[in-house]
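Participant: sequence unknown, structure follows:
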């Protein structure tokens, strides 16, 4: 059963309310312009419009942009394809502007064929961020059917012996059955599909995957390995390594964010105290880490050797901020909400929001995708925007 959230009243961050609601601060006599410096709201409106006006193309989902504003475009099979339509759905919820809803529907439709793609574990990122958000808004039964079909496909990658869903199919000369911490995020699709279809197996697969990951991915300090590779015959662990972090024993920032978000979400559906406790342990690791910058936006890896001269990762920060809000709802511990507020205040500033008239369909700057491959470093990336917008929606929903 899904954990019903207990909404607790807390003060809303003034900056976020003003930026995204355009409303007046009723606690003072200050106007929007006095608080926001006169032009912040307009700049956000511009940023949203760049997402709205980005040309529709079924094989050109905007994934990221380089320092010259050149956009990296990907087809629906790319793991990031669902984030752009997901952001449009989120902006619609923030603005009630039906243009964003209609554009989200157009982009989302291009992802439907992925429901049969059994070559990837990223079904949740692609299908649930797009169709999942759309279904919550439109209640369109065809969206629900697509989500269920996607869960059926994703479940084919589950191995009963190992108790986990296979992540990647590449590097077969090195890995037999790799499972990455990122895969926790795809469990939401399975949990929801189980409720939609009343098929308990989807729920059971998701819950067991979370248990296996909890058992094998975490170190004694509650940081997470990126990749755990399993033997397909015995089910035993073959190796614990990284693919996107600095080293196999380092704490890749986005990986820690995936873990926090994943176990908080898993508690929502299972009410398993071990999942909630793990989320709290990860949160403690993040909040009190001695290499976390003052503004709360982590370096791309907590163990990167050139800190403080390493790139930041705004995407990891946005994921953490969103997860901390939900964790607060289940614990009523204000330190989680305060940490989220700190991150969101930083991300909402001109240090991270793309400024002026930079014509790219993104909101945040300074994310890091894959540092070992020198790919998507210190720039805008679609999933940073998605979780940033989700965090704003979650913060506004607190009552």
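Facilitator: Arrived safely, thanks for sending. Predicted, not measured: the structure shown is a model, and the values here were computed from it.
Participant: next one: stretch 381-391 to chain centre, how far?
Facilitator: 7 Å (CA atoms, centre = their mean, to the nearest Å).
Participant: Helix, strand or coil: sort out the nearest residue to residue 74 once chain neighbours are set aside for me.
Facilitator: Of all residues not flanking residue 74 in the chain, residue 63 sits nearest, at 4.8 Å (CB to CB, 6 or more residues apart in numbering). C-betas here are computed from N, CA, C, even on glycine. Secondary structure state of residue 63, per DSSP: H, G, I helix; E, B strand; the rest coil, is strand.
Participant: How many residues are close by residue 63?
Facilitator: Residue 63: 22 surrounding residues under other CB atoms under 10 Å.
Participant: Is it correct that it is in contact with residue 79?
Facilitator: No: Residue 63 sits out of contact with residue 79 when judged by CB atoms under 8 Å, with a separation of 9.3 Å.
Participant: Which stretches in the stretch 201-350 of the chain count as helices?
Facilitator: In the stretch 201-350 of the chain, the segments counted as helices under DSSP state H, counting those that start in this stretch are 253-270, 273-287, 314-331, 334-347.
Participant: lowest-confidence helix or strand of the protein?
Facilitator: The helix or strand of the chain with the lowest confidence, counting by mean pLDDT, DSSP states H and E, is helix 32-36 at a mean of 29.
Participant: What is the helix or strand just after that helix packed up against?
Facilitator: Proceeding N to C from helix 32-36, the next assigned helix or strand is helix 40-53, under DSSP states H and E. Packing contacts for helix 40-53, counted by 3 or more CB pairs under 8 Å, 6 or more residues apart in numbering; DSSP states H and E, involve helix 14-21, helix 83-95, helix 98-109.
Participant: Off-centre distance for helix 40-53?
Facilitator: That offset, for helix 40-53, works out to 21 Å (CA atoms, centre = their mean).
Participant: Need the mean per-residue confidence for that helix.
Facilitator: On average, the pLDDT along helix 40-53 is 76.
Participant: What angle do helix 98-109 and that helix make with each other?
Facilitator: Orientation check (axes from the mean of the first three to the mean of the last three CA atoms, to 10 degrees): helix 40-53 against helix 98-109 gives 40 degrees.
Participant: how far off helix 83-95 does helix 40-53 point, in degrees?
Facilitator: Orientation check (the same axes, to 10 degrees): helix 40-53 against helix 83-95 gives 130 degrees.
Participant: and the angle from helix 40-53 to strand 61-65?
Facilitator: Going by the same axes, to 10 degrees, helix 40-53 makes 130 degrees with strand 61-65.
Participant: For residue 105, see how far away residue 196 is.
Facilitator: Noted for residue 196: a distance of 19 Å to residue 105, by CB to CB, to the nearest Å.
Participant: just to revisit the earlier point, could you redo the helices of the stretch 201-350 of the chain as CSV and give each row distance to residue 58 and mean neighbour count?
Facilitator: Below are the helices of the stretch 201-350 of the chain laid out as CSV (distance: least, CB to CB, whole Å; neighbours: other CB atoms under 10 Å):
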stretch, distance to residue 58, mean neighbour count
helix 253-270, 28, 26
helix 273-287, 37, 20
helix 314-331, 25, 27
helix 334-347, 31, 21
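Participant: any chance you could map the helices in the stretch 51-200 of the chain?
Facilitator: Taking DSSP H, counting those that start in this stretch as the criterion, the stretch 51-200 of the chain carries its helices at 83-95, 98-109, 123, 133-138, 141-155, 187-197, 200-216.
Participant: I'd like the distance from the third one to the chain centre, please.
Facilitator: Offset of helix 123 from its chain centre (CA atoms, centre = their mean): 13 Å.
Participant: Need the nearest residue in space to residue 53, chain neighbours excluded.
Facilitator: In space, and not counting its chain neighbours, residue 53 is closest to residue 361: 7.9 Å by CB to CB, 6+ apart.
Participant: isn't the one you found right next to residue 62, touching?
Facilitator: Yes: Residue 361 is within contact range of residue 62, at 4.8 Å (criterion: CB under 8 Å).
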